[in-house]
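1. Sequence first, then the predicted structure:
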Amino acid sequence: MSEQYKIEIVNPEKSFLIKDDVTEVVLPAFEGEMGILKDHIPIISFLKPGIIKIYSKSGQENYYVEDGIVEFKNNNLSILTSSIDNIKNMNKSKLQDLLKIAEQEVVKFENNDQLKYLIDQKIDVLKSLN
Amino acid sequence: MASLDDLKKRIASVKSTQKITKAMKMVAAAKLRRAQESAEKGRPYSEKMNNIILNLSIGISDKDSLPKLLSGTGKDKIHLCVVMTSDRGLCGGFNSNIIKKAKNYFFKLSREGKDLKIITVGTKGYDQLRRVYAEKIIENISFKSSKNANYSDAEKVSKLIIEKFEKEEFDVCTIFYNQFKNVITQIPQAQQIIPLIHERSDGIKPDDIYEFEPEEDEILNNLLPKNISTQIFKAMLENSASEQGSRMSAMDNATRNAGEMVDKLTIEYNRSRQAAITKELIEIISGAESL
């Protein structure tokens, strides 16, 4: 039995990524990082800003996401997100821009704990990438 | 009867109109392909979103704690209608079909004694509705500057709607748009998005048991606003494909009509030219005879 399953990442405009030789995916789920292997129990969860790590035969790929919903069922992992980028394609200046926007936003959300938590996460992730 | 010169001018003007409509048809055809492609590419997202919400609402144990976006406010008094039309004209019956559908719905609402509020997306719809429903229109949004339908525009609209919902400015929200079937057929749709009508398709088995992290209601609270953006985005994509399709067939018709008109005018021109020549000949001959 192979240990591989299928992943599909969709954003509103198109199907972003489809792979069927994935062995493990690490997701920045809302309540902490979560690794998904084959035959995981069906789960629905949503993402906080962070990095999706996809391990497959062809190597490791990293994607930066800001939000999203994850569904795992019958060895199909679907990720719905409106903001995703391959880290390889993100250069320093783009990261800096995102960081700047996030730092401006953080002030706005002083009185909303959940949003503030999310945006703090985003800043941390962006800083670690820089 | 028009003089030869007048006829010549008319033929020239019809021909140049034909050139314009032909060019517009070509442009619409090119844009249509792109719009259709993105409408098709956007489908998996909204379908998946729908499925997840379906699974969630089936799985949720406490029916009373359902978020209001899903279950509604419990009232059915104020209806918000989001009428989505294009920003440009010359696209056949595209805009008027949506408006017709919307107006029928408005009639039904007023017969039932419900309150009506309207948000128009796109200038054409605003122009048409302004005449009768000016005081009902609370907002007019236009995305003239953005070339293609994009998700952040849809998010803006949905944010506005959710804001108004949270302030309890309305109970039920319906969006109006054209669904793209093919180039000739576009079907005007009225889709209720708040409260969400989740139809259970037979393909879904209720025995799919999910683990939720965090709790179901928290996920739903997070997911439902996103679903509204998604539905509006879907409507925008369908609309832009429909608009181009509708424009393409309208311009195709216009080009054909112009061609027919040129033929008719050319025959008329040739006839009156021949008549003028004959008349001159008769004059000369009868002049010669009288000598």
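-> Yep, that arrived.
2. In a helix, B:L116, correct?
-> No. Assigned with DSSP: H, G, I helix; E, B strand; the rest coil, B:L116 falls outside any helix and is strand.
3. Spell out the secondary structure type for B:S86.
-> Going by three-state DSSP: B:S86 is coil.
4. OK, contacts around it?
-> If you count contacts by C-beta atoms under 8 Å, 6 or more residues apart in numbering or on different chains, B:S86 has them with B:94-95, B:122, B:124, B:239-240, B:243. Every residue, glycine included, has its C-beta placed from N, CA and C.
5. Model confidence for A:E110, exactly?
-> Per-residue pLDDT puts A:E110 at 69.
6. Near residue 50, how many other residues are there?
-> Unless you meant another one, I'm taking chain A. Counted with other C-beta atoms under 10 Å in any protein chain shown, residues neighbouring A:G50 total 22.
7. Sorry, I should have been clearer: chain B.
-> B:N50 has 18 neighbours, counted by other C-beta under 10 Å.
8. Tell me the buried residues in the helix or strand A:K19 falls within?
-> In this assignment (DSSP states H and E), A:K19 forms part of strand A:15-29. Buried residues in strand A:15-29, counting neighbours by 16 or more other C-beta atoms under 10 Å in any protein chain shown, are found at A:16-17, A:19, A:22, A:24-29.
9. when you scan the lengthiest helix in chain B, is anything in it near chain A?
-> Longest helix of chain B, by residue count under DSSP state H: helix B:216-290. Yes. Helix B:216-290 lies within reach of chain A by C-beta under 8 Å from any C-beta of the partner chain, at B:219, B:222-223, B:226, B:229-230, B:233.
10. Return the distance of that helix from the chain's centre.
-> Relative to its chain's centre, helix B:216-290 lies at 19 Å (C-alpha atoms, centre = their mean, to the nearest Å).
11. gap between the two ends of stretch B:164-173?
-> End-to-end distance for stretch B:164-173, by C-alpha to C-alpha, to the nearest Å: 10 Å.
12. So which bits of that stretch are buried?
-> Neighbour counts over stretch B:164-173 (16+ other C-beta under 10 Å) mark B:164-165, B:170-173 as buried.
13. from these, which single one is nearest chain A?
-> Chain A has its nearest neighbour among the buried residues of stretch B:164-173 in B:F165, at 18.0 Å by C-beta to the nearest C-beta.
14. Return the per-residue confidence for the closest residue to the closest one other than its chain neighbours.
-> Spatial nearest neighbour of B:F165, excluding adjacent residues (C-beta to C-beta, 6 or more residues apart in numbering or on different chains): B:I194 at 6.0 Å. Looking at B:I194, its pLDDT reads 82.
15. hang on, the earlier thing: which of the residues of helix B:216-290 next to chain A has the most neighbours?
-> Highest neighbour count within these, by other C-beta under 10 Å: B:T230, with 27 neighbours.
16. quick one on the thing from earlier: looking only at pLDDT, what's the mean for the strand holding A:K19?
-> If you average the pLDDT over strand A:15-29, you get 89.
17. ok, and what's touching that strand?
-> Strand A:15-29 has contacts (C-beta under 8 Å, 6+ apart) with A:3-10, A:33-38, A:45-58, A:63, A:65, A:70, A:77, A:79, A:81, A:84, A:121, A:125, B:41, B:44, B:213.
18. Centre of the chain to that strand, how far?
-> That offset, for strand A:15-29, works out to 10 Å (C-alpha atoms, centre = their mean).
19. Tell me the first helix or strand C-terminal of that strand.
-> Moving toward the C-terminus from strand A:15-29, the next helix or strand (DSSP H and E) is strand A:32-36.
20. related to what we said a few turns ago, would you format the residues of helix B:216-290 next to chain A as CSV with pLDDT and distance to B:Q186 included?
-> Converted to CSV, the residues of helix B:216-290 next to chain A look like this (pLDDT from 0 to 100; distance: C-beta to C-beta, whole Å):
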residue, pLDDT, distance to B:Q186
B:I219, 80, 35
B:N222, 80, 34
B:L223, 83, 30
B:K226, 86, 27
B:S229, 88, 23
B:T230, 88, 21
B:F233, 90, 18
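21. Much appreciated, bye for now.
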